[in-house]
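J.: Quick one, what's the 3D model for this:
(one chain, ligands or ions: 1)
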Amino acid sequence: MVDIHCHIVPGVDDGAVSLEMSLVMIEEARRLGVTSILTTPHIRGRMDDVARHEYHKKEFQKVLDAKPDMDLHLGGEVRVTPDTHSVTDRAEFTADEKSKYILLELEFEQVPPYFSQLLFEYRLRGITPIVAHPERNVGVLRHPEYALEFVRQGARLQVTTGSLIGELGDAFQECSLKLLECGLVSFLASDAHNLTTRPFTNWPAAYEYARSFSERGDCIIPVSADDLCTNNPGAVCAGMPLPPIELDEKAITRVRQRLSKNNGPAVKRKRFFFL
Ligand SMILES: [Fe+2]
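T.: Residues are numbered from 1 along each chain as shown. Below is the predicted model of the structure:
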């Protein structure tokens with residue numbers, strides 16, 4: 001398995017607080033079958049984050065030096081704000097060394113009106129936006145068809161392992177399953193922050209959940225657990241293209257019908273995710 005969203009760079013955000021914790025987290029991930037990690041410290045998506053990225057690189061190097069036998073990559077999780085438009089040409093913010101992908105985190109409460117334009121700007125630059133945990137966004141929870149529009153605009157979706165297996169609440173799990181059933185999800189990732197409340201440990205359960213779900217045979221666009229957990233995230237780490245999501249008119253109609261069922265679950269924020 002390849003994890004493209006987690007917070008193991010020590011002392012730079014609300015993730016690992018020390019190099020020691022970071023190394024234990026990596027060992028835990030390895031024990032569970034994770035072979036590559038793209039770590040994604042929080043970035044606010046504005047010009048002064050260029051200096052912040054230099055700091056991330058310095059701290060990440062300490063992890064690299066201590067774990068030369070693990071495949072580790074440094075990216076970032078870019079919080080979408082109106083300022084993000086001004087950094088779409090900065091390689092520092094992308095998630096892979098070839099600058100082909102960027103991991104974007106929406107505010108919890110809504111999908112901002114400028115988000116479509118931002119996706120368009122990234123696509124113009126040949127960068128594929130990855131929307132981090134859309135199932136945890138209130139706008140998407142209330143209007144799941146937004147997720148379809150993200151994908152139609154060239155973005156890919158990353159669902160969090162804890163959401164899929166229900167650890168983060170029923171509403172997030174329900175939304176995750178709905179997106180998965182429609183074939184809109186390209187990645188699972190842990191969003192691991194520590195060893196206790198947000199660990200790597202739900203990876204095996206999430207893989208099994210995705211495997212049994214995809215084998216049910218009633219997904220509109222089936223996606224295998226191996227693609228979600230290994231092949232697609234591996235392509236991101238390598239800056240390689242992903243297989244396309246085949247959304248013809250018939251599929252779009254079915255996806256819309258599926259997404260429109262049972263919207264509007266009660267949503268309570270369980271934790272404060274940003275630093
Ligand atoms: Fe994150």
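J.: What is the helix or strand encompassing S212 packed up against?
T.: If you go by DSSP states H and E, S212 is part of helix 203-214. Packing partners of helix 203-214 (3 or more C-beta pairs under 8 Å, 6 or more residues apart in numbering; DSSP states H and E): helix 161-164, helix 170-181, strand 185-189, helix 225-226. The way it works is simple: take the backbone N, C-alpha and C, and place the C-beta from them, glycine included.
J.: One more pass at 6 Å, please.
T.: The helices and strands touching helix 203-214, judged by 3 or more C-beta pairs under 6 Å, 6 or more residues apart in numbering; DSSP states H and E, are helix 161-164, helix 225-226.
J.: any weak-confidence spans in this protein?
T.: 262-275 (pLDDT under 70).
J.: which bits of it sit near the ion?
T.: Counting by C-beta under 5 Å from the ion, the chain comes close to the ion at E77, D191.
J.: All the strands of the chain, residue numbers only.
T.: For the chain, the strands defined by DSSP state E cover 2-3, 36-39, 42-43, 71-74, 77-79, 101-105, 128-132, 156-160, 185-189.
J.: quick one: contacts for C229?
T.: Taking C-beta atoms under 6 Å, 6 or more residues apart in numbering, we find C229 in contact with M1, L188, Y207.
J.: May I ask you to confirm that the last one is in contact with S224?
T.: By that I understand Y207. No - contact criterion C-beta atoms under 6 Å: Y207 and S224 do not qualify, at 10.7 Å.
J.: Show me which of those two is the more surrounded one.
T.: Y207 (22 against 14; other C-beta atoms under 10 Å).
J.: List the contacts of D3.
T.: Here D3 is in contact with V34, I37, A189, S190 (C-beta under 6 Å, 6+ apart).
J.: For R258, which non-adjacent residue is closest in space?
T.: Among residues not flanking R258 along the chain, C182 sits closest, at 5.5 Å (C-beta to C-beta, 6 or more residues apart in numbering).
J.: on contacts alone, who are the packing partners of the lengthiest helix in the chain?
T.: Longest helix in the chain by number of residues (criterion: DSSP state H): helix 49-66. When contacts are defined as 3+ C-beta pairs under 6 Å, 6+ apart, helix 49-66 sits against helix 19-31.
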